[in-house]
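Colleague: Here's my sequence, what's the structure:
(4 chains)
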Number of protein chains: 2
Amino acid sequence: MNKPKNLPRRTVGLRRIAEDLGISISLVSKVLSGKLGTSGAQESTIRAIREKALELDYRKNRLAEALRTGRQNVIAVCVHRHGEVGSDIVEEMVSGIAAEAAEFHQRLMILYYNTPEEFREFVPEVHRNAVDGVILGGLPHAELLDELMDWHSHGLPVITIHDGQLNPALPNVGIDQVEVGRLATRHLIDQGCRHIAHFRLGPNAESRLAFKGDHMSPDQRYEGYRQALRESGLSRPASLLVDVSGYNYAAGREGVQALFDRKARFDGIVAISDQHAAAALNHLVANRRQVPQEVKLIGVDNSPFCQFAIVPLSSVSQEFTSRGRQAVRLLMAEAQGEKVSSVCVEPVVYARESSAAS
Amino acid sequence: MNKPKNLPRRTVGLRRIAEDLGISISLVSKVLSGKLGTSGAQESTIRAIREKALELDYRKNRLAEALRTGRQNVIAVCVHRHGEVGSDIVEEMVSGIAAEAAEFHQRLMILYYNTPEEFREFVPEVHRNAVDGVILGGLPHAELLDELMDWHSHGLPVITIHDGQLNPALPNVGIDQVEVGRLATRHLIDQGCRHIAHFRLGPNAESRLAFKGDHMSPDQRYEGYRQALRESGLSRPASLLVDVSGYNYAAGREGVQALFDRKARFDGIVAISDQHAAAALNHLVANRRQVPQEVKLIGVDNSPFCQFAIVPLSSVSQEFTSRGRQAVRLLMAEAQGEKVSSVCVEPVVYARESSAAS
DNA sequence: TTGTAAGCGTTATCAC
DNA sequence: GTGATAACGCTTACAA
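Modeller: Purely as a prediction, here's the structure:
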C-alpha cells in the first residue's frame, strides 16, 4: 500500500515537462537534446521548456536513452595486476580511465583479476547486451587472447593497454619499451656514469612466461640500454649485465648481490622496476656505498615509494594515467565505427637524488 | 544500406527465444528469471527455453531490466585522494568496491577528486535518474556535507568510508582510530619498547582543517597511544610526544628531527602514517641508529612500500578492501529499503622487521 | 500452465 | 513548428 496510484509521478521525465507545459513529449525531447534539425521551434517554447527542465531539475534517464539507441554506456575494464604492488600503475590507469569515462558519460564495470580463472568467471558478464566495449590493462596474458578475439568478433571493441599490441585487430595504447631502457640509460650517462650495470629479465624468469607470444619481448628495455651505450660509445662488459628472476624486490636484491659477488666495477644501475632500484639502493647503503656519489640508480614506473626511499629514486614513468584516458578515447572512436589503430606514448624521466650528478 | 530490414534480428532477446519456440515472451521471461511463482510451467517447456537460451547465447539486457524496474544498477563512487600517495588505500578501497559491485551486477561511476570544486562539477551527474546510490571514500571533507545530505534527502542512499560517520543519516563503514593507535603502541610494548614516542597531528596541521566538524577527531590515535601506555603502566614524558604538520614524509622527518633536537631517549616510535615511519627510518639509519635493535617503528596503512624500506616497516592496516566491499553491501541493503546503520571494522597489525624483538 | 497487454523514458520517423 | 506513434527489451498484473 505504499504506492498510491493517484499521486503525481515522482520521477521527472520528458513526459512530466510536456504535461506541465501542455505540449508533446517529442518536442521537449528535440529541444532538450538539441536535435531540432532544420525546422527549429518557437523561441518562446524553447525557453519555456528549458526553464521547466531547470525548475523540475530534469535529468535525462541515460538508461532509457541507451535502450532506445542500442548503446549501453558501459565500459568493461579488466585489470591484471599480479605482481605490481606499490607501483600504483594500476591506480593511475584506472583513474585515467575513470576520468575520461566520466566525460563520455560512460559507466565502468571493473574486474581486477590475478588469475586467468578469475578472468574467465567474468567473461559471461561481458557481452554486447551489457557493455559497449572492453579495456584490458595490467600485465598482458597471451592465454586470454581467445576470449578477447571472441569479443572482438562479436563486434565488441577491445582496447588493450600493454606494451605492444597482442593482435593487429586489437588497438593498443602502448609505450616504447626500447625507449624506456634507452632514456633511463641515457639519463645516467648524462649524469656522468661510465660503467652502467643493467638488470635484465633472465631466460627463466617467471614474468617472461606470460609473454609467450611473439607480440612482446621483455628484452626491449635491454635493447634500449644497449642502444644508449652504443650511442655514447661506451663499452658493455658482460660483468655488468645481470639476469634476474622477476621485477620484484627480491629479484633486485639478487641483482646487486650478483654485482658484488662478481666484484664488478659499476657507477650506475639501470633497473627495470622501482622495486629493483629500491632493493639495490638498500643493499648498497647497507654496504656503505654512497648513492648517488659512487653509484647512481634509476628504476621504472615512477612509483610513489620512489619518494620515500632513503635516497629518493629516479625513475622512468610509463604514463599510465594518460594511457588510460587514451584507451577510452580509442574505444569511443571505435564504437562510433571509426577505424582506429594502436598508438604509442613516450616514456618520461623523473630525476631524483639517486641519479644526481656528483 | 547496411541495415537490411528482412534479415533476422541480430540481437538475442527474450523475443527471439519466444519466436523460435513459438511461445510467449512473458513465459520465457518468467522461466529465465526464475520467477514462476507458485504455478510453475511444464518441465519440457522450461528445458526447451533453457536450451534455446544457451544455444543462442542469450544474456539479459540489464538496461531494459533496469528501465522497467526503475533501478539503475549504477553506483557512484567519489574518492577524495589528496595526500595519500603510495599508501594504496584508494586502490584497495576501489578494488573492494569493484569486486562487490560485480557480484551485485552494479556498474560504477567513479570520481577521483582532489578539490571540492572537482567534486561539485560531478554533482549534477549524480541523480536518481542515473545512479542508485553513492559511496564516498578517501579523506572526509566536511564542506561537502550539504551535497551529501541533499542526495540523501532525494532518496539516494549515501554510504561513507571514513573513520567515523559524518552525519547520523549517512551510514559509515568506519574504523576505530583509537584502536589503531592502541594496537600499534601495544605492539611495540609487546616487542619490548619502554620509551615510546608518538607523532601526533599538531594543532595547526593542514590535515586537521578538513576535520572541522565535530564528527571526527585526528587525536584518536593519540588517545589510543595513551590508553596502551596506561594499560601497561608506562610513563608518557612530554619529550616523547611530537606535534607534526601532516601525514606526509616531510612531516615524519620533522618528527624524528624534533626527537633528536630534544635529545629525547626513545626506543620506539608510533607514527600515524607509513610515510612518517619511512621518514623516521631513513633518518635514523642515516644517523647510524639501529632499527629495530635501538629503535622500533610502526606506521599506519600497511602501504606496499613498507616492504621496500631499508628495514621492512611494521604497520597497522585500516582494512580498506574489506570496507569497500562492506560499503557496497550496505548500499544495496539501503536501496532495498532496509534500515542500515554504521559499522566499524577492526584494524590489523602487520608485524615486520622494523618492530622485531631484539 | 500459458498468454495478453501495459508500461518503464527515451528517440526517430513521419504526418499534419 | 508541432505532435502522434512505434520501438528499444524487459517485467508483471491479470486474463484465459
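
Colleague: Please enumerate the helices of the stretch 51-200 of chain A.
Modeller: Counting by DSSP state H, counting those that start in this stretch, the stretch 51-200 of chain A has helices at residues A:62-69, A:89-103, A:116-122, A:145-153, A:177-190.

Colleague: Could you pull out the strands in the stretch 201-350 of chain A for me?
Modeller: With DSSP state E, counting those that start in this stretch as the criterion, the stretch 201-350 of chain A has strands at A:241-244, A:268-270, A:296-300, A:314-317, A:343-345, A:348-350.

Colleague: Next, format those as TSV and append mean neighbour count.
Modeller: C-betas here are computed from N, CA, C, even on glycine. Formatted as TSV, the strands of the stretch 201-350 of chain A follow (neighbours: other C-beta atoms under 10 Å in any protein chain shown):
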stretch	mean neighbour count
strand A:241-244	21
strand A:268-270	31
strand A:296-300	30
strand A:314-317	26
strand A:343-345	16
strand A:348-350	16
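
Colleague: among these, which is nearest chain B?
Modeller: strand A:296-300 (10.7 Å; C-beta to the nearest C-beta).

Colleague: The closest one vs helix A:89-103, what angle?
Modeller: Put simply, strand A:296-300 runs at 50 degrees to helix A:89-103, going by axes from the mean of the first three to the mean of the last three C-alpha atoms, to 10 degrees.

Colleague: chain center to strand A:296-300, what's the gap?
Modeller: A distance of 22 Å separates the centroid of the chain from that of strand A:296-300, by C-alpha atoms, centre = their mean, to the nearest Å.

Colleague: before we move on, the earlier item: could you dump the helices of the stretch 51-200 of chain A into CSV and include mean pLDDT?
Modeller: Output for these, formatted as CSV (pLDDT from 0 to 100):
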stretch, mean pLDDT
helix A:62-69, 87
helix A:89-103, 92
helix A:116-122, 87
helix A:145-153, 92
helix A:177-190, 97
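
Colleague: And the ones you listed: which comes nearest chain B?
Modeller: That would be, of the helices of the stretch 51-200 of chain A and by C-beta to the nearest C-beta, helix A:89-103, which comes in at 3.9 Å.

Colleague: thinking again about what came up before, Serialize the strands of the stretch 201-350 of chain A to a markdown table and add fields for mean pLDDT.
Modeller: Below are the strands of the stretch 201-350 of chain A laid out as a markdown table (pLDDT from 0 to 100):
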| stretch | mean pLDDT |
| --- | --- |
| strand A:241-244 | 96 |
| strand A:268-270 | 98 |
| strand A:296-300 | 97 |
| strand A:314-317 | 98 |
| strand A:343-345 | 96 |
| strand A:348-350 | 98 |
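
Colleague: near chain B, which residues of the stretch 251-358 of chain A show up?
Modeller: Residues of the stretch 251-358 of chain A lying close to chain B by C-beta under 8 Å from any C-beta of the partner chain are A:275, A:278-279, A:281-282, A:285-286, A:303-305, A:307-310.

Colleague: on that earlier part again, tell me which of the strands of the stretch 201-350 of chain A sits nearest to DNA strand D.
Modeller: Among the strands of the stretch 201-350 of chain A, strand A:343-345 comes nearest to DNA strand D, with 32.8 Å by C-beta to the nearest atom of the strand.

Colleague: Neighbouring strands of that closest one in the sheet, and parallel or not?
Modeller: Strand pairing for strand A:343-345, determined by DSSP bridges: strand A:173-175 (parallel).

Colleague: which parts of the strand it pairs with are buried?
Modeller: A:173-175 (16 or more other C-beta atoms under 10 Å in any protein chain shown).

Colleague: Tell me who's in contact with A:Gln72.
Modeller: Contacts for A:Gln72 (C-beta atoms under 8 Å, 6 or more residues apart in numbering or on different chains) come out as A:66, A:129-132, B:63.

Colleague: Reformat these as JSON lines; add distance to A:Val12 and neighbour count.
Modeller: Converted to JSON lines, those look like this (distance: C-beta to C-beta, whole Å; neighbours: other C-beta atoms under 10 Å in any protein chain shown):
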{"residue": "A:Ala66", "distance to A:Val12": "18", "neighbour count": "21"}
{"residue": "A:Asn129", "distance to A:Val12": "28", "neighbour count": "17"}
{"residue": "A:Ala130", "distance to A:Val12": "27", "neighbour count": "20"}
{"residue": "A:Val131", "distance to A:Val12": "28", "neighbour count": "25"}
{"residue": "A:Asp132", "distance to A:Val12": "27", "neighbour count": "22"}
{"residue": "B:Leu63", "distance to A:Val12": "20", "neighbour count": "24"}
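
Colleague: Out of those residues, which comes closest to DNA strand D?
Modeller: Among the contacts of A:Gln72, and counting by C-beta to the nearest atom of the strand, the member closest to DNA strand D is A:Asn129, at 6.5 Å.

Colleague: residues contacting that closest one?
Modeller: A:72, B:11-12, B:59-62.

Colleague: Now do the residue lying closest to A:Pro116 once chain neighbours are set aside against B:Gly224, distance only.
Modeller: Here the nearest residue to A:Pro116 in space, its sequence neighbours aside, is A:Glu143; by C-beta to C-beta, 6 or more residues apart in numbering or on different chains that works out to 5.2 Å. Look at A:Glu143 and B:Gly224: by C-beta to C-beta, to the nearest Å, they are 47 Å apart.

Colleague: neighbour count winner among those two?
Modeller: Higher neighbour count among A:Glu143 and B:Gly224: B:Gly224, with 25 against 13, using other C-beta atoms under 10 Å in any protein chain shown.

Colleague: how many other residues sit next to A:Pro304?
Modeller: 22.

Colleague: and if you look at A:Asp57?
Modeller: For A:Asp57, using other C-beta under 10 Å, the count is 12.

Colleague: swap in the one 4 residues further on?
Modeller: A:Asn61 has 21 neighbours, counted by other C-beta under 10 Å.

Colleague: you'd agree it is up against A:Arg15?
Modeller: No - taking contacts as C-beta atoms under 8 Å, A:Asn61 lies outside contact range of A:Arg15: 10.9 Å.

Colleague: Was I right to think A:Ala99 contacts A:Arg325?
Modeller: Yes - the pair formed by A:Ala99 and A:Arg325 meets the contact definition of C-beta under 8 Å, at 6.3 Å.

Colleague: right, and A:Ile161 touches A:Val173 too?
Modeller: Yes - between A:Ile161 and A:Val173 there is a contact under C-beta under 8 Å: 5.0 Å.

Colleague: residues shared between the contacts of these two?
Modeller: Residues touching both A:Ile161 and A:Val173 (C-beta under 8 Å, 6+ apart): A:323, A:327.

Colleague: Quote the end-to-end distance of stretch A:268-281.
Modeller: One end of stretch A:268-281 to the other measures 11 Å (C-alpha to C-alpha, to the nearest Å).

Colleague: from the middle of its chain, how far away would it be?
Modeller: 22 Å.

Colleague: what does stretch A:25-42 give?
Modeller: 40 Å.

Colleague: returning to that earlier point: now the residue nearest to A:Pro116: how far from DNA strand C?
Modeller: Per C-beta to the nearest atom of the strand, to the nearest Å, A:Glu143 is found 40 Å from DNA strand C.

Colleague: With A:Arg120 instead?
Modeller: As for A:Arg120, its distance to DNA strand C is 32 Å (criterion: C-beta to the nearest atom of the strand).

Colleague: what's the spacing between that residue and A:Val90?
Modeller: 20 Å.
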